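Q: Task: produce atomic coordinates for the following.
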Amino acid sequence: MAKRDRQLEQIVKGFANHRRIQIMRLLSRNPHLSVQQIARSLRINYKTASEHIRRTTMAGLTTKRSHDRWVRHKLTKRGRIVLTFLRTLE
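A: Alright, predicted model coming up:
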């Protein structure tokens with residue numbers, strides 16, 4: 001049970017930040033964005049966006065895919081479920 005609790009903790013940490021929630025909402029509306037596009041859309045620093053995306057990816061909420069010379073990001077099924085859950089808290 002402790003392993004499962006640690007996994008859940010990692011998932012929760014993956015969205016326990018307002019910027020990460022903004023990124024997930026953005027990706028739900030506009031899948032396949034690059035870090036640069038995400039940073040520009042949210043008016044945040046590239047390195048900040050990159051770190052937040054790294055954390056959502058580690059939590060299994062987003063995924064990366066190389067496309068031409070860009071790395072594109074999109075929500076995973078788990079990410080969509082988390083967004084639905086978050087909407088119930090609003």
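Q: C-alpha only now, for contacts and for neighbours.
A: OK.
Q: For this structure, which segments are assigned as helices?
A: 2-15, 18-29, 35-42, 46-58, 77-89 (DSSP state H).
Q: between these, which one is nearest to Trp70?
A: Closest to Trp70 of those is helix 35-42 (Cα to Cα; 8.8 Å).
Q: which parts of the closest one are buried?
A: 35-36, 38-39 (16 or more other Cα atoms under 10 Å).
Q: Which strands and helices lie in contact with it?
A: helix 18-29, helix 46-58, strand 70-75 (3 or more Cα pairs under 8 Å, 6 or more residues apart in numbering; DSSP states H and E).
Q: Need the nearest residue in space to Lys64, chain neighbours excluded.
A: Spatial nearest neighbour of Lys64, excluding adjacent residues (Cα to Cα, 6 or more residues apart in numbering): His73 at 4.7 Å.
Q: Give the bridge partners for that neighbour, please.
A: Leu33, Lys64 (DSSP bridges).
Q: Redo the buried residues of helix 35-42 as a markdown table? Include pLDDT and distance to Asp5.
A: Shown next, in a markdown table, are the buried residues of helix 35-42 (pLDDT from 0 to 100; distance: Cα to Cα, whole Å):
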| residue | pLDDT | distance to Asp5 |
| --- | --- | --- |
| Val35 | 96 | 30 |
| Gln36 | 96 | 34 |
| Ile38 | 98 | 31 |
| Ala39 | 98 | 32 |
